[in-house]
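[1] Fold the following.
(chains A and B)
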Amino acid sequence: MGRINMRQMKVNQKGRIASVKVAGELGRRIRDMGLTKGAEIRIQGRAPLYDPVALRVRGFTLSLRNSEADFIDVEIDD
Amino acid sequence: MGKQLEQRTIALGGNPNAGKTTLFNALTGSRQHVGNYPGVTVERIEGFVRHQDTEFHIIDLPGTYSLTAYSEDELVARDFLTEMKPEAVINIVDAANLERNLYLSVQLLELGVPVCIAMNMVDSAKSMGISIDTVKLSRLMQVPVVPTIARSGEGKEQVLDEVMKLASAGGNVNKFQISYGDDLDQVLIEMEKVIADGQFLDELYPGRWIGIKYLENDPDVVEKGEQQDPDLSKQLLAMVDKVSRHLETTLGTFPEALIADYRYGYIGAILKQGVIKREYPADRLLLTDRIDRVVTNRFFGPLLMLAIIYGLYQFVFTYSQVPIGWFAIFFEWLTDVVSSVLPDGLLKSMIVSGVIDGVGGVLGFVPLIMFMFFGIAILEDSGYFARVAYMLDRVFSIFGLHGNSVMPFIISGGIAGGCAVPGVMASRTLKSPREKLATMLTVPFMNCGAKLPIMALLVGAFFAEHQASMMMLITLIAWGGALLVAKFLRVTIISGPPTPFVMELPPYRLPTMRGLLIHTWERTWQYIKKAGTVILGISILLWAMMTFPGLSDSDKQVFIQQRQELKQTVPLSVVQEIERKAGGEPVTLSTEALSLRKKLVLIDNKEGEAGLRGSVAGRIGISLESVSRFAGFDWRTNIALVGGFAAKEVVVTTLGTAYSLGEVDPEAAVSLGDTLKRTPGWTPLLALSLILFTIFYAPCFVTIVAIVKESGSWKWGVFSMVFNTVLAFGIATLVYQIGSAVGFLGG
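    Coordinates of the predicted model:
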């Protein structure tokens, strides 16, 4: 078990949301889309310029900028 | 006659991409109307459907994931529900994406509105191996749930049956509430009591909901609360503050985050009780994922995107040429008819140059706008649009824009030859307010089809050896300028943090033709109705500026006398020859007659020049000369540029009139180019200065009207006129002055 920042995650890597450390509009958007503590995610891919990132959460695909992913910590197995 | 129909107002809400518009179309058919909510630019779509003895008035709320106060869309949806109090809300949810869709349902239920859930796309969920037990879900959440397939209209009657039951119950709904954990539940009970005792905002919202919004720090509700009862509001905020500090120390979290956690927790707990059955693991690769592997691939993705964007561009500007041609033929015919029926004079001039040109101008854009909305609707409904934003956001976000800004830029002339009117309208696909405003204010810098003849004229005359590279340079300058100005605006007057990108990449779907056609037609009709009247008015105003006060009778007399003197120098037969020819007789003119006609045309052109010079526009042009000479422009150029405010197409024609060449066909302005080259002072440097000015100065007024409509305020229309002109003049002056000082390009 390790805890890393979402920006560091590789394509196809899985994990669970450990914390979303941002309030205000951005925090709200992130949580509204289902990235809440404990939610399981898998990195689907990255845009051609490595940013934004696309991930699978709660059965759909979500994309967010790396600068937004910076606020999200993920617990990964292995 | 049949009995009186009962009218009931209901709302349709749901996540984007859940099939909301498809269900709305299935319910209302063509009985719908697109407008705007008062004071905001959010589209308000409403329609009617008759069910048994009831006429339902359905409001299609904007598609949202949540009901916060952070976006106009969500505020509009929330305010509609609390202020207009519809008798029921149809909440459409995507069966294949239930967890996140129910997040909005929970918020709707908390708001205390009577909700009926339409479980949509049960067929495609099934094909993905997902089946939903709607009976169980209905029992667990205490709301009616109806399976639907909006595409085929399946289930819509049952939805209306349930809505009917809800409406008949008179809004008497079960109190829905979920637990937010001991700490928050405790404080919510206390808050609810304070709120009830003080009758705080109770005409609008349920007490517990107000408490939750205070805990979520919702600026809209807190502001409304402060207005109604500042003391009670302070009391509530103190309670929020206390529990926040407690949560911070014990759990390291804060109320807003905890509330979202518990909402998803509630949904997860319900779904786990056998509501969802999956044949495959939840994170199985779907067809959409496989398509995405190719479509957003690092190498292949951008190439495909270029091809699709180019294809859309071709579609909008090539195929629309056919209907545009029909309009042009019709208006030419109309002009001919009016010209032959009405006597020469002001009335004729106003009808032909003011009204017909104005209406023609309005309708001339219609095919472009229709094709643009149709093309973009295909990309949007299919899900590809979100991928474009995904792939290009890295580039556009540098300049404070959004990945989806690319479409407005391309359509406006990012590929030379577009049009800023549909381009500005395309900016409505952007959901981020600041990015959207910055986009619509900078797309007019692109080289639209009407600027091209000006560029072609100047490049052809002054940069004949480097035409291709010069046109390329012009395109690059437009793009670079637009992006830099966007960045400038985003750090000055439209400053503020980037709107969160956080965006769903929806599954790929085949758009329905019906949805595309309704979407396209409603929006085009809105343009004709709303922009049409304004544009017609301004068109007549500009006509008046270019016409009045015109030549005085004594000045006209001078030209009449010149003509008569000229005619007296030749035998009468030669004059008659020309008159017969003008009357439509097939006469071959003698050389004397040809030479006479040429001289007469010269006088006509001189009269045209004098008339223009004496008009309001001309006087503006002359009075501006003292300033404009810093950029190298004389009064003739000034008048043409003033005319370009009406439409950039006018610049070349007006320049022709100002140089006594008569009406110049913008497509074949070789003679004008030659004249300019021979005119002292017209150096390649001046041409460059004029090219730069043309790229950046005020958009044509149709574009300005579009900016006003899309931004919801005249302020931004006026801003783009003034700011762009000042910017353009600054750039042109800089280049002209420095160029003159160092002798660059013959300056």
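
[2] which residues does the nearest residue to B:Gly198 once chain neighbours are set aside contact?
    Nearest non-adjacent residue to B:Gly198, counting by C-beta to C-beta, 6 or more residues apart in numbering or on different chains: B:Leu232, 4.6 Å away. C-beta: built from backbone N, CA, C; applies to glycine. For B:Leu232, the contact set (C-beta atoms under 8 Å, 6 or more residues apart in numbering or on different chains) comprises B:194-195, B:198, B:200, B:225.

[3] and which of the residues you listed is nearest to B:Thr249?
    Nearest to B:Thr249 among the contacts of B:Leu232: B:Val194, at 24.0 Å, using C-beta to C-beta.

[4] Tell me how many other residues surround the closest residue to the closest one other than its chain neighbours.
    Among residues not flanking B:Val194 along the chain, B:Gln235 sits closest, at 6.2 Å (C-beta to C-beta, 6+ apart). Using other C-beta atoms under 10 Å in any protein chain shown, B:Gln235 is surrounded by 16 other residues.

[5] Surely B:Gln235 is within a helix?
    Yes - the assignment for B:Gln235 (DSSP: H, G, I helix; E, B strand; the rest coil) places it in a helix.

[6] So the residue nearest to B:Gly198 versus chain A, what's the distance?
    Shown here: B:Leu232 relative to chain A, a distance of 24 Å by C-beta to the nearest C-beta, to the nearest Å.

[7] try B:Arg523
    From B:Arg523 to chain A the distance is 27 Å (C-beta to the nearest C-beta).

[8] tell me how far the strand or helix carrying that residue is from the chain's mean position?
    Assigned by DSSP states H and E, B:Arg523 belongs to helix B:513-547. Chain-centre distance of helix B:513-547: 13 Å, with C-alpha atoms, centre = their mean, to the nearest Å.

[9] which helices and strands sit right next to it?
    Counting contacts by 3 or more C-beta pairs under 8 Å, 6 or more residues apart in numbering or on different chains; DSSP states H and E, helix B:513-547 is packed against helix B:20-28, strand B:32-36, helix B:346-349, helix B:357-364, helix B:366-382, helix B:616-628, helix B:635-643, helix B:701-711.

[10] Pop out the phi and psi values for residue 5.
    Looking at chain A here, since you left the chain open. Backbone torsions for A:Asn5, taken as degrees, to the nearest 10, come to phi -80, psi 140.

[11] wait, doesn't it sit right on A:Asp73?
    Yes - in terms of C-beta atoms under 8 Å, A:Asn5 counts as a neighbour of A:Asp73; the distance is 6.0 Å.

[12] ok, these two, which is more surrounded?
    The neighbour comparison of A:Asn5 against A:Asp73 (other C-beta under 10 Å) goes to A:Asp73, with 17 against 14.

[13] can you confirm the more buried one is in a strand?
    Yes - using three-state DSSP, the assignment for A:Asp73 is a strand.

[14] burial of the closest residue to it other than its chain neighbours, as a residue count?
    Sequence neighbours aside, A:Ala18 is the residue nearest to A:Asp73 in space, at 4.4 Å (criterion: C-beta to C-beta, 6+ apart). Other residues near A:Ala18 come to 17 when the count uses other C-beta under 10 Å.

[15] A:Arg3 versus A:Ala18, what's the distance?
    In this structure, A:Ala18 and A:Arg3 are 5 Å apart, going by C-beta to C-beta, to the nearest Å.

[16] For those two, list the residues in contact with both.
    Common neighbours of A:Ala18 and A:Arg3, using C-beta under 8 Å, 6+ apart, are A:73-75.

[17] what helix or strand does the residue in the stretch 101-250 of chain B that chain A sits nearest to sit in?
    Going by C-beta to the nearest C-beta, chain A is nearest to B:Tyr103 of the stretch 101-250 of chain B, at 6.7 Å. When elements are assigned from DSSP H and E, B:Tyr103 belongs to helix B:98-110.
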